[in-house]
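Novice: Could you look at this predicted model? Sequence included:
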Amino acid sequence: MTVQSDLTLHDGRTLHVHDTAPDDPARLVVVWHHGTPNIGAPPEPLRELSERLGVRWVSHDRPGYGGSTPHPGRDVASAAGDVEQVLDALGVDRFAVMGHSGGGPHALACAARLPDRVTAVVATAGLAPFGADGLDWFAGMAPAGVASLEAAAAGRDAKERHEASAHELDMGFTAADEEALGGDWSWVLDVVRPALAAGPAPLVDDDLAYVAPWGFDVAQVLAPTLVVHGARDRVVPVTHGRWLAAHLPTAELRESADDGHVSVLRTSADSLRWVVRTSSRD
């Protein structure tokens, strides 16, 4: 059972926190960073394996989502400060981070900004920095993603107009993604629906952060890092994962040949085992 609580931060904002084992401090803490648009509940499909491996998930609704106070103008790096305050409040020193999709950059931010505390990083289907050298950022991205992120790149007003308009575009999900959403990773819909129901404001803040300077350099991520990407991903093309793996100092790239943006989550059990093995060597 996940215990949920609200934490008041130093600046007066509230973060809604999820913790799967608050009474078991001996467990390895893995901080989950959710995608866009999601709430921050930790990945339920990994719960049974987590119990066997002795993993304690800690996560939070990113600002504006779920029970967390909005923080307009936030950059990606700000996630590290929020996580730091959450784990200080829980009495946790060392931890690993995992993120999917938009959660990938936020997981990397924690490793870059909190290098003495992060033991391992997994970025699954994550974006590379906007304007990254040598990367055609939009190449291979489905029309819906291009339109949404181009609007963000044009500024807040353009992004808000885009979200307020009716737009029926190809989202980029593959047949494998649809199969995963209808089966073992249907949980994704459980975290997407409440995020969408609350309106587009936090999604706007997320997308503006992705196309702005992140507030850190990926070269600062020194913890062991696993980059996982589906080769058929049309939401965040695999070229983003390849770029990250080439520019993160200690990264290993695992491409999943037949997977898209959601179905690649089926590899998460192996990623979690990697986190446990890697953190135990730390």
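Specialist: Nice, I can see it. All figures in this text were calculated on a predicted structure; none of them were measured in a lab.

Novice: For the stretch 101-250 of the chain, which segments count as helices?
Specialist: 103-113, 143-153, 156-164, 175-181, 187-197, 201-210, 238-247 (DSSP state H, counting those that start in this stretch).

Novice: Among these, which comes closest to residue 66?
Specialist: For residue 66, the closest of the helices of the stretch 101-250 of the chain is helix 187-197, at 6.8 Å, according to CB to CB. Every C-beta, even on glycine, is put in place using the N, C-alpha and C of the backbone.

Novice: Quick check: buried residues in the closest one?
Specialist: For helix 187-197, a neighbour-count test (16 or more other CB atoms under 10 Å) marks 187, 188, 191, 192, 195 as buried.

Novice: Please render those residues as TSV that adds pLDDT and distance to residue 216 to the earlier fields.
Specialist: Output for the buried residues of helix 187-197, formatted as TSV (pLDDT from 0 to 100; distance: CB to CB, whole Å):
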residue	pLDDT	distance to residue 216
187	98	30
188	98	27
191	98	26
192	97	27
195	97	25
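
Novice: Just give me the neighbour total for residue 13.
Specialist: Using other CB atoms under 10 Å, residue 13 has 15 other residues around it.

Novice: In contact with the residue nearest to it when sequence neighbours are not counted, which residues?
Specialist: Closest residue to residue 13 apart from its sequence neighbours, by CB to CB, 6 or more residues apart in numbering: residue 69 at 4.1 Å. Applying CB atoms under 8 Å, 6 or more residues apart in numbering, we find residue 69 in contact with 13, 14, 15, 63.

Novice: same deal with residue 260?
Specialist: Neighbours of residue 260 in contact, by CB under 8 Å, 6+ apart: 172, 173, 174, 176, 177, 230, 232, 233, 234, 235.

Novice: redo that, cut-off 6 Å
Specialist: Shown in contact with residue 260 (CB atoms under 6 Å, 6 or more residues apart in numbering): 174, 176, 177, 230, 232, 233.

Novice: And the furthest pair within those residues?
Specialist: Top of the distance list for the contacts of residue 260 (CB to CB): 176 and 233, 10.0 Å.

Novice: Look up how far residue 184 lies from the residue nearest to residue 13.
Specialist: Look at residue 69 and residue 184: by CB to CB, to the nearest Å, they are 33 Å apart.

Novice: between the helices of the stretch 101-250 of the chain, which gets nearest to residue 220?
Specialist: Short answer: helix 103-113, nearest of the helices of the stretch 101-250 of the chain by CB to CB, at 4.0 Å.

Novice: Report the angle between the closest one and helix 201-210.
Specialist: For helix 103-113 against helix 201-210, the angle by axes from the mean of the first three to the mean of the last three CA atoms, to 10 degrees is 60 degrees.

Novice: Quick one: distance of stretch 217-229 to the chain centre.
Specialist: Taking the mean of its C-alpha atoms, stretch 217-229 sits 13 Å from the chain's own mean (CA atoms, centre = their mean, to the nearest Å).

Novice: Which of the helices of the stretch 101-250 of the chain sits closest to residue 267?
Specialist: Going by CB to CB, the one of those nearest residue 267 is helix 175-181, 10.9 Å.

Novice: got the contact list for the closest one?
Specialist: By CB under 6 Å, 6+ apart, the list of residues contacting helix 175-181 reads 259, 260, 261, 262, 263.

Novice: residues contacting residue 86?
Specialist: Neighbouring residues of residue 86 by CB under 6 Å, 6+ apart: 17, 60.

Novice: And it, which helix or strand is it part of?
Specialist: Using DSSP states H and E, the element containing residue 86 is helix 78-90.
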